[in-house]
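Engineer: Predicted model, plus sequence, below.
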Amino acid sequence: MSTTATPDLPPLRVLLAGGGTAGHVEPSLALADALLRRLPDVVVTALGTESGLETRLVPAHGIDVRLIPKVTMPRGGPRRWAGVPTAVWSAVRAASAVIERDRPDVVVGFGGFVALPAYLAARRAGVPFVVHEANARPGVANRIGARFTRYVAVSTPSTVNSLPHAVLVGIPLRSSISSLDRPSVRSKARLTFGLDVERPTILVFGGSQGARTINAAMQGAARGLLDAGIQILHAAGPNNTVVVDRRDADPPYVVLPYLERMDLAYAAADVVLSRSGAMTCAELAAVGLPAVFVPYPHSNGEQSVNAQPLVDVGAGLMVRDEDLTASVVEDLVGGLVLDPERLAVMSKAAESLGARDADERLTDLVLRAAGRA
């Protein structure tokens with residue numbers, strides 16, 4: 001659907017609510033980019049909390065962040081929920097003040113710490129809102145929010161029946177990812193990270209903060225992988241350290257706290273070892289990158305559910321967190337990266353599940369909710 005700004009209507013005002021982790025923030029930024037392509041005069045602002053990644057990522061994108069109190073949905077028995085209503089209504093009041101000041105035409109939530117207050121504040125103010133659920137297993141905030149809106153977007157077919165009014169959209173991806181042609185930029189990408197252009201390459205990461213289990217297993221497997229001629233690009237997390245047995249500098253083992261250019265990291269890689277957040281699974285499918293997934297174990301199991309479709313079509317393998325050891329990494333991941341024929345089959349399987357136009361689909365839904373379509 002093509003929609004452009006017209007002189008008859010004031011600029012569309014959109015408030016994004018996707019704070020906390022990169023998995024909540026990145027889809028909101030991809031939507032912002034798609035909205036700007038469609039409506040160059042659109043005014044986009046975002047809700048966030050002081051401790052969220054959005055305080056760094058969103059302003060860097062040229063979008064103002066309005067801070068509200070953080071609301072955490074606890075796991076466990078009733079005692080853990082005792083203070084939640086007070087925290088929620090404090091955040092709702094703060095979100096309501098933002099809505100009164102900025103007067104958005106539509107609010108778009110992506111789950112996380114600020115989503116539920118945003119939904120409730122929008123409902124109180126009579127502002128239409130859109131719920132986007134990235135995970136195959138919906139979170140508490142989005143399950144509540146979806147009860148009060150007709151505009152609900154989900155990322156996987158299995159989630160369509162989990163939320164009322166849900167339509168399948170996919171996860172909005174940055175254009176640098178959705179348009180990525182891995183083979184054409186592989187050499188440039190590897191040189192950017194100080195890697196050899198020709199060597200088989202493993203990309204390792206555990207989310208924006210890293211993953212201790214993955215880091216420990218990689219540290220133990222490093223020497224064997226390097227001896228096999230395999231090079232590694234490893235985002236260990238800003239507060240983590242990985243010590244590698246380096247007898248020489250060849251092959252390279254590059255350790256970084258955080259990957260600012262995931263597009264180049266994906267282009268550099270032949271296979272990925274990572275957690276299986278919804279955003280990660282969507283990006284790997286879109287770019288056709290085989291993976292070995294190690295789902296985060298301390299949650300409601302959504303990361304295993306996220307990865308399962310890729311595993312089912314042969315695009316990935318799954319290892320439980322408690323089963324990931326140095327020998328598993330060396331044998332499984334190391335063996336896979338040295339098997340180009342299998343990697344090619346897995347890559348095609350991943351692409352079969354990729355959705356590169358989810359940002360445009362979600363934009364269509366947002367414009368309908370705002371009465372602009």
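Structural biologist: Here it is on my side, so go on.
Engineer: So, low pLDDT: which residues of the stretch 101-250 of the chain?
Structural biologist: By pLDDT under 70, the low-scoring segments of the stretch 101-250 of the chain are 208-210.
Engineer: What are the boundaries of the helices in it?
Structural biologist: With DSSP state H, counting those that start in this stretch, the ranges of helices along the stretch 101-250 of the chain come out as 115-125, 140-145, 175-178, 182-192, 212-227.
Engineer: In CSV, list those helices along with mean neighbour count and distance to residue 157.
Structural biologist: The way it works is simple: take the backbone N, C-alpha and C, and place the C-beta from them, glycine included. Putting those into CSV (neighbours: other Cβ atoms under 10 Å; distance: least, Cβ to Cβ, whole Å) gives the following:
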stretch, mean neighbour count, distance to residue 157
helix 115-125, 24, 23
helix 140-145, 22, 17
helix 175-178, 18, 20
helix 182-192, 16, 26
helix 212-227, 20, 29
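Engineer: Distance to residue 268 for those - can I get that in JSON lines?
Structural biologist: Below are those laid out as JSON lines (distance: least, Cβ to Cβ, whole Å):
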{"stretch": "helix 115-125", "distance to residue 268": "34"}
{"stretch": "helix 140-145", "distance to residue 268": "34"}
{"stretch": "helix 175-178", "distance to residue 268": "14"}
{"stretch": "helix 182-192", "distance to residue 268": "4"}
{"stretch": "helix 212-227", "distance to residue 268": "16"}
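Engineer: how about the ones you listed, which one is nearest residue 286?
Structural biologist: Across the helices of the stretch 101-250 of the chain, residue 286 has its closest neighbour in helix 175-178 (5.9 Å, Cβ to Cβ).
Engineer: Extract the CA atoms of that closest one and return them as CSV.
Structural biologist: C-alpha atoms of helix 175-178 as CSV (Å, rounded to 0.1, in the frame of the first residue of the first chain):
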residue,chain,number,x,y,z
SER,A,175,17.3,-2.3,6.0
SER,A,176,21.0,-3.1,6.4
ILE,A,177,19.8,-6.6,7.3
SER,A,178,16.8,-7.0,5.1
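Engineer: Show me what it is packed against.
Structural biologist: On a contact count with 3 or more Cβ pairs under 8 Å, 6 or more residues apart in numbering; DSSP states H and E, helix 175-178 meets helix 22-38, helix 262-268, helix 278-287.
Engineer: Of these, which stretch is the most buried?
Structural biologist: Among the helices and strands packed on helix 175-178, ranked by average contacts under mean count of other Cβ atoms under 10 Å, first place goes to helix 278-287 (a mean of 26).
Engineer: show me the contacts for the residue nearest to residue 61 when sequence neighbours are not counted.
Structural biologist: Leaving aside its chain neighbours, residue 61 sits nearest to residue 29 (5.2 Å; criterion: Cβ to Cβ, 6 or more residues apart in numbering). Contacts for residue 29 (Cβ atoms under 8 Å, 6 or more residues apart in numbering) come out as 57-58, 61, 63, 174.
Engineer: From residue 122, how far off is residue 29?
Structural biologist: Separation of residue 29 from residue 122 (Cβ to Cβ, to the nearest Å): 20 Å.
Engineer: Over to residue 26?
Structural biologist: 22 Å.
Engineer: re the thing from before, which one of the contacts of residue 29 has the most neighbours?
Structural biologist: residue 58 (25 neighbours; other Cβ atoms under 10 Å).
Engineer: Thought residue 48 was touching that residue, still the case?
Structural biologist: Yes. Taking contacts as Cβ atoms under 8 Å, residue 58 lies within contact range of residue 48: 6.5 Å.
Engineer: Between those two, which contacts overlap?
Structural biologist: In contact with both residue 58 and residue 48: residue 65, using Cβ under 8 Å, 6+ apart.
Engineer: Kindly tell me how buried the closest residue to residue 251 other than its chain neighbours is, as a neighbour count.
Structural biologist: Spatial nearest neighbour of residue 251, excluding adjacent residues (Cβ to Cβ, 6+ apart): residue 231 at 4.0 Å. When counting by other Cβ under 10 Å, one arrives at 24 neighbours for residue 231.
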